[in-house]
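Q: coords please:
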Amino acid sequence: SKEYLETGSDEDLYLLGEQWCAESGVDLRLGTQVSRLDPGTGSVVLADGTALDADAVLLATGGRPRRLPGVDGTRVHTLRTRADADRLRESLRPGARIVIVGAGFIGAEVASTARARGADVVVLDALDVPMSGVLGARMGAVCAQLHRAHGVELRLGEPVESVVEGRSGVTVRTASGWRTDADAVVVGAGIVPAVEVAERSGIAVRDGILVDASGRTSMPNVYAAGDVANHDHPLFGTRIRAEHVEAANRLATVAADTMLGREAVFADPHWFWSDQYGTNLQFTGYAADHDRIVLRGTPDEFDFCAFYLRDGVVRAAFAAERGEDVVAAKELIGRAQRVDPAVLADPGADLMDLAMEGVS
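A: Numbering: from 1, shown residues only. So this is what the prediction gives:
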């Protein structure tokens, strides 16, 4: 949604290349469908009936882009694969009008990339404030301000009612009666977790595959990680299914260690980042249960860090161009320590010194 969508450069894009697998003793079987896992034997049963013996199994099945009911066509895009990005890039040209459904991070990044390539952009979202479910209304409004400051037409509280594709474009209508013609539509509404193999195997699922803090599923010796994993987070006392690469990497590492007999737990604060319109945004923690926000910096200038507190304890942070503040926030969140709000807000205070107090 960022560099690759804009430039098409595939440098550093590959995570599991065939040559690396061959050199590392990894048997990579592409085009192979798994039917189910056999709880009696611990084997992996393939669609052709072949059974692979296994001491441990990791499910990293990810998910599929969530689509709008009845909305499809050659000018309607989702973004999940490299091929999706290649097809979408052709539509992001100077003067093209692009409608993006969904103002979450994927929708926002596509909007930023489209503007960088010279397209006119309309972003629709059913919520009255973008990203309010993750960031809350106050910081969600800052995200809305960032879009508008870069020439994006942002229409909130506008659920899509219909998308009709014609010979030369697409007509989009919302529930309020608003309509517009566009060259392409991008649906950025998250994913549907791919839990089919787990379901056929009798593994517990609910908004993904349920796992503990070490990645274990309800079936012995079977683990899950990535976008499909709904994991128990001991630091926040809740379940989280995160759709971002850092959480996927972290839980995968924890699951791999545990599979090899090195018991590990994913208790770190979640962290993810986004580049939009030349501004670096970062978020860490879990903000759903906060009771106060303390600001450091200037949101109107997109140079700030917002600390989310509950009972005086830092639970999350959201920042623009303040990566060092986020690093300090991760330490504060992980230690669950009470902090003087005045110190958090003081631009002259050294937050890393505060975060490392008492650490030897």
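Q: the strand or helix carrying residue 274: partners in the sheet, and parallel or antiparallel?
A: In this structure, residue 274 sits in strand 271-276 according to DSSP states H and E. Strands that pair with strand 271-276, judged by DSSP bridges, come out as strand 279-285 (antiparallel).
Q: who touches residue 112 in this structure?
A: 2, 150, 275, 276, 277 (Cβ atoms under 8 Å, 6 or more residues apart in numbering). C-beta: built from backbone N, CA, C; applies to glycine.
Q: what pLDDT does it get?
A: pLDDT for residue 112: 98.
Q: mind checking how far it is from residue 43?
A: According to Cβ to Cβ, to the nearest Å, residue 112 stands 46 Å off from residue 43.
Q: next one: residue 294
A: 53 Å.
Q: and for residue 299?
A: 55 Å.
Q: where along the stretch 201-350 of the chain do the helices fall?
A: Taking DSSP state H, counting those that start in this stretch as the criterion, the stretch 201-350 of the chain carries its helices at 245-259, 323-335, 341-345.
Q: could you export those helices as CSV, including distance to residue 57 and mean pLDDT?
A: Formatted as CSV, these follow (distance: least, Cβ to Cβ, whole Å; pLDDT from 0 to 100):
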stretch, distance to residue 57, mean pLDDT
helix 245-259, 9, 96
helix 323-335, 30, 95
helix 341-345, 44, 96
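Q: biggest separation within the contacts of residue 112, which pair?
A: 2 and 150 (14.8 Å; Cβ to Cβ).
Q: hang on, residue 112 in a strand?
A: No - counting by DSSP: H, G, I helix; E, B strand; the rest coil, residue 112 is not found in a strand; it is helix.
Q: can you name the next helix or strand after the helix ranked longest in the chain?
A: Scanning the chain for the longest helix, with DSSP state H as the assignment, gives helix 132-149. As assigned by DSSP H and E, the chain's next helix or strand after helix 132-149 is strand 153-156.
Q: and that following strand, how far from the chain's centre?
A: 22 Å (Cα atoms, centre = their mean, to the nearest Å).
Q: what helices or strands is it leaning on?
A: strand 120-125, helix 132-149 (3 or more Cβ pairs under 8 Å, 6 or more residues apart in numbering; DSSP states H and E).
Q: tell me the most buried of those?
A: strand 120-125 (a mean of 23; mean count of other Cβ atoms under 10 Å).
Q: sort the contacts of residue 112 by pLDDT and name the bottom one.
A: Note: of the contacts of residue 112, the lowest pLDDT belongs to residue 2, at 90.
Q: any idea how far that residue lies from residue 13?
A: 12 Å.
Q: compare those two (neighbour count), which wins?
A: Per other Cβ atoms under 10 Å, whichever of residue 2 and residue 13 has more neighbours is residue 2, with 14 against 10.
Q: could you verify my assumption that that one touches residue 111?
A: No - with contact defined as Cβ atoms under 8 Å, residue 2 does not reach residue 111; the gap is 11.4 Å.
Q: excluding chain neighbours, what is closest to residue 202?
A: If the residues on either side of it in the chain are set aside, residue 202 comes closest to residue 39, at 6.6 Å by Cβ to Cβ, 6 or more residues apart in numbering.
Q: what about the closest residue to residue 273 other than its chain neighbours, how many neighbours?
A: Closest residue to residue 273 apart from its sequence neighbours, by Cβ to Cβ, 6+ apart: residue 282 at 4.7 Å. Neighbour count for residue 282, taken as other Cβ under 10 Å: 21.
Q: tell me who's in contact with residue 282.
A: Going by Cβ under 8 Å, 6+ apart, the list of residues near residue 282 reads 271, 272, 273, 274, 317, 318, 319, 322, 323, 326.
Q: do that again at 7 Å, thanks
A: Residues counted as contacts of residue 282 (Cβ atoms under 7 Å, 6 or more residues apart in numbering) are 273, 319, 323, 326.
Q: pretty sure the last one contacts residue 319?
A: Yes - with contact taken as Cβ atoms under 7 Å, residue 326 and residue 319 are classed as touching, separated by 5.0 Å.
Q: give the residues shared as contacts by those two.
A: In contact with both residue 326 and residue 319: 282, 305, using Cβ under 7 Å, 6+ apart.
Q: between those two, which one's more packed in?
A: The residue with more neighbours, out of residue 326 and residue 319, is residue 319; 26 against 22, by other Cβ under 10 Å.
Q: I'd assumed residue 305 was in contact with the more buried one.
A: Yes - contact criterion Cβ under 7 Å: residue 319 and residue 305 qualify, at 3.9 Å.
Q: who touches both of those two?
A: 325, 326.
Q: give the contact list for the closest residue to residue 209 other than its chain neighbours.
A: Closest residue in space to residue 209, ignoring its immediate chain neighbours: residue 224 at 4.2 Å, by Cβ to Cβ, 6+ apart. Residue 224 is in contact with 58, 59, 209, 211, 215, 217, counting by Cβ under 7 Å, 6+ apart.
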